[in-house]
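K.L.:
Please work out how this folds:
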Amino acid sequence: MERPSLEINLPNTDEEGKLYVVDSLNNLNKLNACPDESQHALETTAGNNTRNQCLFFIIFILTLIVSLALVSFVIFLIIQTRNKMDQISSRLLSEKKNIEELKKINNMILKYLNHSGMKEKERHLFTESPDLHDFFTHPELKVPGE
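P.N.:
Numbering: from 1, shown residues only. Next up, the predicted model:
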């Protein structure tokens, strides 16, 4: 098989131009002489690009899954916190009602003691236990108007 000659007469170009043209012709000749190697290089590059794109896609999907898991966990924590706050709030309301009931009972006891003339006996009874005496004679526990 004969190859066509790649020589070209270049009468009106300077020395740099001739070198450029010769270099370009050599590159063309290498591509024509070794098409298998250049094709293999192109296929390898294309394979690397495909592999890189696949790897990027997998990493992107994994990142999305981890982000979704974290967001779900945060939402779960927010809901749990709200439920705990509701429980605490209902307990506080219940305790407030209990305290109100105890205040009413205390006022009833104080009124009963005041009306039944137990003031004199109270001092005698509670002298042995000063804590109870202080409890029943505490200023905040007095019935208003005494």
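K.L.:
and Cys54, how many neighbours does it have?
P.N.:
10 (other C-beta atoms under 10 Å). For glycine as for every other residue, the C-beta is placed from the backbone atoms N, C-alpha and C.
K.L.:
That one is in what secondary structure piece?
P.N.:
helix 35-115 (DSSP states H and E).
K.L.:
what pLDDT, on average, does that helix get?
P.N.:
The pLDDT scores in helix 35-115 average 88.
K.L.:
elements contacting that helix?
P.N.:
Contact analysis of helix 35-115 by 3 or more C-beta pairs under 8 Å, 6 or more residues apart in numbering; DSSP states H and E lists no helix or strand as a packing neighbour.
K.L.:
begin at 13 from here
P.N.:
OK, 13 is where the count begins now, so the last one is helix 47-127.
K.L.:
how near is Ser84 to Ile77?
P.N.:
In this view, Ser84 and Ile77 are 11 Å apart by C-beta to C-beta, to the nearest Å.
K.L.:
How about Leu40?
P.N.:
51 Å.
K.L.:
And Phe69, by the same measure?
P.N.:
Distance of Phe69 to Ile77, computed by C-beta to C-beta: 13 Å.
K.L.:
go on, Tyr32?
P.N.:
Taking C-beta to C-beta, one finds Tyr32 at 55 Å from Ile77.
K.L.:
for Asn126, same thing?
P.N.:
73 Å.
K.L.:
These two: which has the busier surroundings?
P.N.:
Set Asn126 next to Ile77 and count neighbours by other C-beta under 10 Å: Asn126 wins out with 14 against 10.
K.L.:
ok, the more buried one to Leu114 distance?
P.N.:
18 Å.
K.L.:
same check, this time on Thr75
P.N.:
Counting by C-beta to C-beta, the gap from Thr75 to Leu114 is 58 Å.
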